[in-house]
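Q: Sequence first, then the predicted structure:
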Amino acid sequence: MTTITSRTRIKICGLTRLEDLQDAITLGADAVGFVFYAKSPRYIQPAAAAQLIAQIPPFVSTVGLFVNASADEVHEVVAQTSIAMLQFHGDETMEQCASIAAAVNRPFMRAIRVKPDTSPADLLKYDSDYRAASRLFTGLLLDTYVDSYGGSGKVFDWSLIPENIAPRVVLSGGLSAQNATDAVLRVRPYAVDVSSGVEHDKGIKDKAKIHAFIAAVRLADSADHAHAKQTD
Ligand SMILES: O=C(O)c1ccccc1NCC(=O)[C@H](O)[C@H](O)COP(=O)(O)O
């Protein structure tokens, strides 16, 4: 009987150009992220994002990234862009995330910026608390802590991630074609997220790097597949 193994989902974040969006989708990205944080070098105006999003074919999820935005700001972006999912990447409280997501009726990911003193117990608590707080919570995006909030290109200690929450984790922070296979095999996250690792300038993606990143993730998936067949 054919063995079916899970496929790691892939989010390419920080898109600002149609050609990069088309490359990401053609190469197999499951989700694309748009940064609505004005201080980011990957910031995109909602009107420009709306034009890109209008070009996206079915079955590719769109993620809007916010840092400490007000409910009105998020509402305005959702109204302009029809973004499908929210990613809270700042210092928002759990109540603020739940309230804003409910107000715009969108599912959301909570980005956790992992510090050196973050413990596995902390991550378990975030997951259980958010799951209890909102039916719109879809999972934790685990990223490396930086003062600029994200897009650092730096990895954090993946061994901190408890095995039992990995199926609801989007692994992020410093991923690239060079470490993605190892990251997927070690963590087995639901998805991976990348920005710097597929760029040649901030906000400007590199098609060859996107291709290499997705191939590295698929290599891990196929290794999982081969292992599953051996144990059949
Ligand atoms: O990408 C940014 O510039 C950014 C700025 C402020 C907050 C979040 C930001 N990005 C969020 C993402 O989801 C990135 O993909 C994530 O931080 C990983 O970035 P990288 O380490 O560059 O792959």
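A: Ah, there it is.
Q: Please read off the pLDDT at the residue sitting nearest the centre point of the chain from the model.
A: Centroid check for the chain by Cα atoms, centre = their mean gives Asp193 as the closest residue, at 4.1 Å. pLDDT for Asp193: 98.
Q: ranges for the helices of the protein?
A: For the chain, the helices defined by DSSP state H cover 18-26, 46-53, 71-81, 94-104, 120-133, 180-187, 207-231.
Q: before we move on, back to that, pull the contacting residues for the residue nearest to the centre of the chain.
A: Contacts for Asp193 (Cβ atoms under 8 Å, 6 or more residues apart in numbering) come out as Ile10, Lys11, Ile12, Cys13, Gly33, Leu141, Asp143, Val170, Leu171, Ser172, Leu175. Yep, even glycine has a C-beta here, placed from its N, CA and C like the rest.
Q: top of the residues you listed by neighbour count?
A: The most neighbours of any of those, using other Cβ atoms under 10 Å, belong to Ser172, which has 33 neighbours.
Q: ok, now how distant is the closest residue to that residue other than its chain neighbours from Ala79?
A: Computed as Cβ to Cβ, 6 or more residues apart in numbering, the closest residue to Ser172 that is not its neighbour in sequence is Asp193, at 3.9 Å. To Ala79, Asp193 is 25 Å away according to Cβ to Cβ, to the nearest Å.
Q: try Ala216
A: For Ala216, the distance to Ala79 equals 37 Å [Cβ to Cβ].
Q: Tell me which of the two has more neighbours.
A: Using other Cβ under 10 Å, the more surrounded residue of Ala216 and Ala79 is Ala216, with 21 against 12.
Q: If I look at the residue lying closest to the more buried one once chain neighbours are set aside, what pLDDT would I see?
A: The shortest distance from Ala216 to any non-neighbouring residue, by Cβ to Cβ, 6+ apart, is to Ala180 (3.9 Å). pLDDT for Ala180: 98.
Q: show me what contacts Ala180?
A: Contacts for Ala180 (Cβ under 8 Å, 6+ apart) come out as Val192, Val194, Gly197, Phe213, Ala216, Val217, Ala220.
Q: Report how many residues lie close to the second one.
A: Using other Cβ under 10 Å, Val194 is surrounded by 29 other residues.
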